[in-house]
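A.B. asks: coordinates for the following, if possible.
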Amino acid sequence: MLLLKKKRIAHQRTTKRMLDTLDISDRKRRKLTRELRKSPFSDRITRTILAETDFEDDVKD
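C.D. replies: As a prediction, the model looks like this:
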């Protein structure tokens, strides 16, 4: 198997695991999963993951 194909498949698996952990509706998750199969580097998927991710500060007062 080609190296790029292996990287793409690994990226899809990682992204799928991220989508499964997000607090989004099942309908939206299914839609994004279908899009992930068609286009693994989709901007819509990236935006959704970034929008749903909460960043916490490590500094506590």
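A.B. asks: what's around residue 12, how many residues?
C.D. replies: Counted with other Cβ atoms under 10 Å, the neighbours of residue 12 add up to 15. Heads up, the C-betas are built off the backbone N, CA and C, glycines and all.
A.B. asks: can you pull the contacts of it?
C.D. replies: Neighbouring residues of residue 12 by Cβ atoms under 8 Å, 6 or more residues apart in numbering: 36-37, 40.
A.B. asks: helices - which of those residues land there?
C.D. replies: Among these, DSSP state H puts 36-37 in helices.
A.B. asks: most neighbours, which of the contacts of residue 12?
C.D. replies: residue 36 (19 neighbours).
A.B. asks: my guess is it meets residue 42, correct?
C.D. replies: Yes: using Cβ atoms under 8 Å, residue 36 is in contact with residue 42, at 7.0 Å.
A.B. asks: can you list the contacts of residue 12 in CSV and add pLDDT and distance to residue 54?
C.D. replies: Below are these laid out as CSV (pLDDT from 0 to 100; distance: Cβ to Cβ, whole Å):
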residue, pLDDT, distance to residue 54
36, 93, 22
37, 92, 27
40, 87, 24
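A.B. asks: isn't residue 44 right next to residue 33, touching?
C.D. replies: No: if you go by Cβ under 8 Å, residue 44 and residue 33 don't touch, sitting 11.9 Å apart.
A.B. asks: the two: which is more packed in?
C.D. replies: Taking other Cβ under 10 Å, residue 44 and residue 33 do not tie; residue 33 has more neighbours (15 against 12).
A.B. asks: for the more buried one, helix, strand, or coil?
C.D. replies: Following DSSP: H, G, I helix; E, B strand; the rest coil, we place residue 33 in the helix state.
A.B. asks: list the contacts of the spatially most central residue of the chain.
C.D. replies: By Cα atoms, centre = their mean, the mean C-alpha position of the chain lies nearest to residue 15, the distance being 3.4 Å. Residue 15 makes contact with 36, 40, 45, 49 under the criterion Cβ under 8 Å, 6+ apart.
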